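J.: I would like the atomic coordinates for the input below:
(3 chains)
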Amino acid sequence: MSLPKRQPPAELPRPDALAARIEQARAALPGLANSLQRLDLWQQTAATTPATRAVVRAQVGSGKTAVLAHRVLWLHMVQGIALEQMAVTTFTTRAAAQLVDRLIHLLPEPPAAGAFRLFGTLHAVARTLLQSDLDLQGSGWQPGFGVLDEAGSLEMLQTLVRQHSLDVKFPAQWLSRLDGLALGKPVRRGNMRSDDDLQQLAERFAAERRLTNVMNFDDLICQAGAAMATSLAPLLGAVVVDELQDCAPGEVRLVQALAQRSSQFFAVGDPNQSIYGWRGSNPRVFDELTTSLQCDTFDLPNNYRSTPEILAAAQAALGQIGQGSALNSTRATGTKVLVIQHHTPQHEAMYLARRFAQLNQGGVRWSQLAVLARTRRQLAVIREHLQQQGVPCAEPPSGGWRDRPAAAWLLRLLDSAIDTDPQRLRDVLLDNRYGFGTAKLLGKPKPVGIEPTESAAQFWIQHLRAQPGTPGSQLQRQRTEVVAFLQTLLQLQWPMHGDPVADLGLLPRLRPTHRDHARDLRDVRQALQQLMLTSEVQPDRRAALHTLQADGPQALGDQEGVQLLTLHAAKGLEFEHVVLSGCNQGIIPLAAAYADRDALDEERRLLFVGLSRARDSVEISWHMQPAMGQGMPMPSEWLLAMPAAACQFSDRAEALLPAPLPQTQPCTAEWPAGTAVRHAKYGPGAVLRSDASEVVVHFGKFGEKPFALLLCPLQKVPE
DNA sequence: TGAATACCTATTTTT
DNA sequence: TAGGTATTCA
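T.: Numbers count the residues shown, from 1 in each chain, chains lettered A, B, ... in the order given. Model prediction:
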């Protein structure tokens, strides 16, 4: 079968030359030489190159992070470049932390404070440089500028739209529409017939950021890029860039400017994993930088992660657009990639629950099992059904409070109530989802003739009391309700006893009949609980709220569970077993991607990224009856092009399960104390006691939880 | 100004 | 199907 085989290297230095470099490392730091010797020849070659400008095209799973870490050490220990003279950038803060961690372990002695000041995301590095190394003259910003996050941006936009009476459609998409505008994408959405005031909003927003001396994330990159390009910018010892393929145009300019003010430049990435085209990045940055900075190029051709079968499928996903050498598997032949059809996502989830349980019983940790999908909506369906079946699922990666709309609304409410701007509170009170009825309720605020009040909440209490109206009318009753609501808010005391949600009168706001009610309630409870904890350290209410905003929601429980991730979120991770769920035509590639060649290629790379996450096995599924808007009832055209030598096609999921699991038993009062049970969220636990109506279970760190027998979401663990 | 109706599109997400 | 916007009519 035509599986990738080990290929001879294209260009390697003579063995004695490489050995000499290792000895050079040994003289500087024996541990570095030992560590280098554990790398393969291509990795060694790149990490120790004498070239001062180098770009590494790393194939997937080829150990590029190891090369990057060794390069930094080489530059530091052998070339004598101080760590604080290096700018080292990664795609996420997490990746940066892991790199620093790795370096600290390899360094002979603990680094001085500030040694890693320029290690971080490009944004973090740009911010540090702008705050302490670069000249802001002429930029419109002053030293000591602040940084505007998403919530801050939205608030500023809201104020601008109001102040200037702008008409800007799709409030929920203002930020993405502004990003699109900057990238030159069409500005119309939905059934807009004509342009709105988006352009004007963009201009006013840019001016306002300078006026209030705050930068958004794009400003950081652009301003740092511009300031670095001047002769006044500081000279750096080395610039090292990870995930080069994901650099957007502004980031490429910053990287170039950094490289030009540095004696060493080293960049690593994989053009086949460029999946952020919608932010403006594209796989051509490798060629562009190689040319413009006259870089030497290096390859890392060996994949240490996946079986040959998985790599063959991944290679097939890329088709003709694959870049660099063919993928070389260093692993023995494994099982074939399974291409499987299911009736619906629900059917798949039932099947997966059994399949995962078997793997888990066979010793595979839950967190080594991953379900990847193109969209988050697809994952939500699978998650719901897996949890129903008692499979522990890791929490989705948190996107801050914005993923929890009710909690985000509550935080905005608490903040704007004690703020002085009545308009802000008005927006919150009239919120479509959680607010009170219509604009008529509050009337138009008249800033003139109203006594200055201490807070926006007081303003509205006074204002509503002064509204004319028929006593007893529905409108008046609602006004009384709002006044009472605001008064409760103002009297808020920590710590709260009883149920804060009920005490604050939040229950009616959380739409008790809505299908998201349970989630909203949970989020709001969590927000209030976190706020209470934050308030203990930070008694000032506004400061506590701002800290809470910045920190985001804390992860619930531990993360030991099946990982459900979008293809984007899975980048950089690896798992023993991977399920690519819902690969229907219209989803992979997304129907919209057919309009644009680059977008279509990017969908191929997404499939490639998904497949190449797996070490041992992959299942690709498609659904004969996908949910509405989730693709057509046929497999992705790319599944049909998968190599028969490496894949097994199946239409009967059941036949693939060796033996049915023991039937789970319904919850009964018969369970003696000590019975092992499992709960979808709390995981394994043991029965403490039970009676005719409820059973009480102890779940390790979650403590004791009572469950009503009638609605018991527990499963007895088979003995 | 507001209710009722027609009509459009559907991602991905780091800082 | 849902969550928006646009249009129409009272």
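
J.: hmm, stretch A:498-513 in reach of DNA strand C?
T.: No - using CB under 7 Å from any atom of the strand, stretch A:498-513 never reaches DNA strand C; the gap is at least 11.0 Å. C-beta coordinates here come from the backbone N, C-alpha and C atoms, glycine included.

J.: mean confidence for that stretch?
T.: Stretch A:498-513 shows a mean pLDDT of 78.

J.: roughly how far is it from the heart of the chain?
T.: In this view, stretch A:498-513 has its centroid 30 Å away from the chain centroid, taken as CA atoms, centre = their mean, to the nearest Å.

J.: Helices along the stretch 401-550 of chain A, start to end?
T.: Under the criterion DSSP state H, counting those that start in this stretch, the stretch 401-550 of chain A carries helices at the ranges A:405-418, A:422-429, A:439-442, A:456-465, A:474-490, A:500-503, A:517-537, A:541-551.

J.: What residues of the fifth one count as buried?
T.: The neighbour-count criterion (16 or more other CB atoms under 10 Å) identifies A:475, A:478, A:479, A:481, A:482, A:483, A:485, A:486, A:489 as the buried residues of helix A:474-490.

J.: Pick the one among those residues closest to DNA strand B.
T.: Taking CB to the nearest atom of the strand as the measure, residue A:475 is the one of these closest to DNA strand B, at 10.4 Å.

J.: Would you mind putting the buried residues of helix A:474-490 into JSON lines with distance to DNA strand B and pLDDT alongside?
T.: Shown next, in JSON lines, are the buried residues of helix A:474-490 (distance: CB to the nearest atom of the strand, whole Å; pLDDT from 0 to 100):
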{"residue": "A:475", "distance to DNA strand B": "10", "pLDDT": "72"}
{"residue": "A:478", "distance to DNA strand B": "13", "pLDDT": "77"}
{"residue": "A:479", "distance to DNA strand B": "14", "pLDDT": "80"}
{"residue": "A:481", "distance to DNA strand B": "18", "pLDDT": "82"}
{"residue": "A:482", "distance to DNA strand B": "16", "pLDDT": "84"}
{"residue": "A:483", "distance to DNA strand B": "20", "pLDDT": "87"}
{"residue": "A:485", "distance to DNA strand B": "20", "pLDDT": "86"}
{"residue": "A:486", "distance to DNA strand B": "21", "pLDDT": "88"}
{"residue": "A:489", "distance to DNA strand B": "25", "pLDDT": "85"}
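
J.: Kindly indicate which of the residues you listed lies nearest residue A:702.
T.: Comparing the buried residues of helix A:474-490 against residue A:702 with CB to CB picks out residue A:489 as the nearest, at 31.4 Å.

J.: Could you check how far that closest one is from residue A:198?
T.: 34 Å (CB to CB, to the nearest Å).

J.: pull the helix or strand with minimum mean pLDDT from chain A.
T.: Among the secondary structure pieces of chain A, namely its helices and strands, helix A:439-442 has the lowest mean (mean pLDDT, DSSP states H and E), a mean of 67.

J.: Isn't residue A:66 up against residue A:43?
T.: Yes - counting by CB atoms under 8 Å, residue A:66 sits close enough to residue A:43 to count as a contact (6.5 Å).

J.: hmm, back to that, what's the closest of the helices of the stretch 401-550 of chain A to residue A:670?
T.: Between residue A:670 and the helices of the stretch 401-550 of chain A, the shortest gap by CB to CB is with helix A:517-537, which sits at 29.5 Å.

J.: If you count neighbours, what's buried in the closest one?
T.: Quick answer for helix A:517-537 (16+ other CB under 10 Å): A:520, A:521, A:523, A:524, A:525, A:526, A:527, A:528, A:530, A:531, A:534, A:535.

J.: Return the nearest residue of the stretch 351-500 of chain A with respect to DNA strand B.
T.: Closest point on the stretch 351-500 of chain A to DNA strand B, by CB to the nearest atom of the strand, is residue A:375, at 3.2 Å.

J.: neighbour-wise, which of residue A:66 and residue A:43 wins?
T.: residue A:43 (23 against 19; other CB atoms under 10 Å).

J.: Hmm, residue A:300 and the more buried one touching each other?
T.: Yes - under the contact definition of CB under 8 Å, residue A:43 touches residue A:300, with a separation of 6.1 Å.

J.: so what's in contact with the two at the same time?
T.: A:62, A:63, A:67 (CB atoms under 8 Å, 6 or more residues apart in numbering).

J.: What distance do you get for the first one to residue A:68?
T.: According to CB to CB, residue A:62 stands 12 Å off from residue A:68.
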